[in-house]
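# Kindly return the folded structure for what I paste below:
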Amino acid sequence: MMSINKGIASFVAVLSLLLGAQAALAATPAVRDMAGILVNLNHFPSDADKTRLNAIIANKANTEQERVLATAIANVEHAAADADKPKLKQVMGDAAAPAEVRDMAGIILRLNHEPSSADKAKLQQMMK
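Next up, the predicted model:
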């Protein structure tokens, strides 16, 4: 009887850790919004998308990395702009950046008119 209770307690502890880790991995509103823009991107962002991106850029509550991503997306014309590529690479290499931010920087760098199917799947996960 005692080992069953310990097993249940261990299961509950592991489940709590996993649920807490999932919450910690949830994307910020800025990342979710940018993911939604990118998943539907076709060659370049629309005027409405650029308005949303400019709001992300202007909002000082967003991280510098999020503002770098928003700027890079706003500047996309079939692919990432050459001027944005070094900043995107810096974000990708920043171990302190959240995984979804690093992943999004890579997606923007790989853009060729639109995200790949695999990248769209990642973006859809970020939108949750």
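# Give me the pLDDT for the nearest residue to residue 38 once chain neighbours are set aside.
Spatial nearest neighbour of residue 38, chain neighbours left out: residue 123 (5.3 Å); criterion: C-beta to C-beta, 6 or more residues apart in numbering. Where C-beta positions appear, they are placed from N, C-alpha and C, glycine not excepted. According to the prediction, residue 123 has pLDDT 97.
# give me the number of residues near residue 123?
25 (other C-beta atoms under 10 Å).
# And for residue 54?
The local packing of residue 54 (other C-beta under 10 Å) involves 13 other residues.
# How about the contacts made by it?
Each residue near residue 54 by C-beta atoms under 8 Å, 6 or more residues apart in numbering is listed here: 70, 74.
# And for the one 10 residues further on?
Listed by C-beta under 8 Å, 6+ apart, the contact set of residue 64 is empty.
# How about the backbone phi and psi for it?
Here the main-chain torsion angles of residue 64 (degrees, to the nearest 10) amount to phi -60, psi -40.
# mind checking how far it is from residue 101?
The gap separating residue 64 from residue 101 is 10 Å, by C-beta to C-beta, to the nearest Å.
# now do residue 37
15 Å.
# So residue 115 is in contact with residue 109, correct?
No - taking C-beta atoms under 8 Å as the definition, residue 115 is not a contact partner of residue 109, at 11.0 Å.
# Give me the more crowded residue out of those two.
Between residue 115 and residue 109, counted using other C-beta under 10 Å, residue 115 has the larger neighbour count: 22 against 16.
# got a list of what that one touches?
Applying C-beta under 8 Å, 6+ apart, the residues near residue 115 are 38-39, 41, 107, 123.
# so how far is residue 33 from residue 117?
Using C-beta to C-beta, which is the criterion applied here, residue 117 is 21 Å from residue 33.
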